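Engineer: any chance you could fold what I've pasted below:
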Amino acid sequence: MSMSEADCRGANWFQLGERDGLYGLRPQVDQYAHQCGASKVQVAEKDYLAGWQQGKWEYDRRVHASDCCPP
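Structural biologist: Numbering: from 1, shown residues only. Now for the predicted structure:
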(Lines give C-alpha, C1' and ligand atoms only; values in the text may rest on other atoms or scores of the structure.)
Protein backbone atom coordinates (compact mmCIF):
# COMPACT_ATOMS: atom_id res chain seq x y z
CA MET A 1 0.00 0.00 0.00
CA SER A 2 1.38 3.38 -0.97
CA MET A 3 1.04 6.09 1.67
CA SER A 4 0.47 9.74 0.76
CA GLU A 5 1.41 12.54 3.14
CA ALA A 6 -2.25 12.80 4.19
CA ASP A 7 -2.37 9.03 4.79
CA CYS A 8 0.76 9.22 6.91
CA ARG A 9 -0.46 12.14 8.99
CA GLY A 10 -3.90 10.63 9.57
CA ALA A 11 -2.90 7.01 10.07
CA ASN A 12 -4.13 4.97 12.99
CA TRP A 13 -0.99 2.88 13.20
CA PHE A 14 -2.52 0.20 15.43
CA GLN A 15 -5.38 -0.35 12.96
CA LEU A 16 -3.02 -0.36 10.00
CA GLY A 17 -0.83 -2.98 11.67
CA GLU A 18 -3.86 -5.03 12.64
CA ARG A 19 -5.13 -4.98 9.05
CA ASP A 20 -1.76 -6.13 7.71
CA GLY A 21 -1.68 -8.95 10.28
CA LEU A 22 -5.22 -10.02 9.42
CA TYR A 23 -4.16 -10.33 5.77
CA GLY A 24 -1.31 -12.59 6.85
CA LEU A 25 1.32 -10.08 5.72
CA ARG A 26 4.71 -9.66 7.31
CA PRO A 27 5.10 -6.36 9.15
CA GLN A 28 5.27 -3.50 6.64
CA VAL A 29 6.47 -0.88 9.14
CA ASP A 30 9.79 -0.29 7.36
CA GLN A 31 8.00 0.35 4.07
CA TYR A 32 5.61 2.80 5.76
CA ALA A 33 8.50 4.51 7.55
CA HIS A 34 10.28 5.00 4.24
CA GLN A 35 7.17 6.37 2.51
CA CYS A 36 6.17 8.62 5.41
CA GLY A 37 9.73 9.75 6.05
CA ALA A 38 9.63 11.64 2.75
CA SER A 39 6.85 13.74 4.32
CA LYS A 40 8.74 14.04 7.62
CA VAL A 41 6.09 11.94 9.39
CA GLN A 42 7.22 9.52 12.09
CA VAL A 43 5.59 6.09 12.09
CA ALA A 44 4.32 4.95 15.50
CA GLU A 45 6.21 1.67 15.23
CA LYS A 46 5.21 0.41 18.68
CA ASP A 47 1.50 0.94 17.92
CA TYR A 48 1.82 -0.59 14.46
CA LEU A 49 3.55 -3.71 15.78
CA ALA A 50 1.03 -4.12 18.60
CA GLY A 51 -1.78 -4.00 16.04
CA TRP A 52 0.08 -6.33 13.70
CA GLN A 53 0.55 -8.86 16.51
CA GLN A 54 -3.16 -8.77 17.28
CA GLY A 55 -4.10 -9.16 13.61
CA LYS A 56 -1.58 -11.94 13.03
CA TRP A 57 -2.86 -13.82 16.05
CA GLU A 58 -6.41 -13.64 14.66
CA TYR A 59 -5.21 -14.62 11.19
CA ASP A 60 -3.38 -17.65 12.59
CA ARG A 61 -6.40 -18.61 14.69
CA ARG A 62 -8.68 -18.52 11.65
CA VAL A 63 -6.30 -20.31 9.31
CA HIS A 64 -4.98 -22.96 11.68
CA ALA A 65 -8.11 -23.61 13.71
CA SER A 66 -9.59 -25.35 10.68
CA ASP A 67 -6.55 -27.65 10.61
CA CYS A 68 -6.96 -28.81 14.19
CA CYS A 69 -10.63 -29.42 14.67
CA PRO A 70 -12.82 -30.63 11.82
CA PRO A 71 -16.57 -30.17 12.40
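Engineer: all contacts plus neighbour counts: C-alpha atoms, from now on.
Structural biologist: Fine.
Engineer: ok, which stretches of this protein are helices?
Structural biologist: Secondary structure of the chain (DSSP state H): helices at 5-10, 13-22, 29-37, 45-68.
Engineer: the last one vs helix 29-37, what angle?
Structural biologist: So the one you mean is helix 45-68. Relative orientation of helix 45-68 versus helix 29-37 (axes from the mean of the first three to the mean of the last three Cα atoms, to 10 degrees): 140 degrees.
Engineer: try the second one
Structural biologist: Between helix 13-22 and helix 29-37, the angle comes out at 140 degrees (the same axes, to 10 degrees).
Engineer: pLDDT on helix 13-22, on average?
Structural biologist: For helix 13-22, mean pLDDT rounds to 97.
Engineer: how about the shortest one?
Structural biologist: Averaging the model's pLDDT scores along helix 5-10 yields 95.
Engineer: how about the longest one?
Structural biologist: Taken as a whole, helix 45-68 carries a mean pLDDT of 88.
Engineer: with the third one instead?
Structural biologist: The pLDDT scores in helix 29-37 average 95.
Engineer: how about it: buried residues?
Structural biologist: Across helix 29-37, burial judged by 16 or more other Cα atoms under 10 Å covers 29, 32-33, 35-36.
Engineer: need the contact list for E58.
Structural biologist: Counting by Cα atoms under 8 Å, 6 or more residues apart in numbering, E58 touches 21-22.
Engineer: now it: how far from V43?
Structural biologist: 23 Å (Cα to Cα, to the nearest Å).
Engineer: what's the closest non-adjacent residue to the spatially most central residue of the chain?
Structural biologist: Central residue of the chain (Cα atoms, centre = their mean): G17, 1.9 Å from the mean position. Computed as Cα to Cα, 6 or more residues apart in numbering, the closest residue to G17 that is not its neighbour in sequence is W52, at 4.0 Å.
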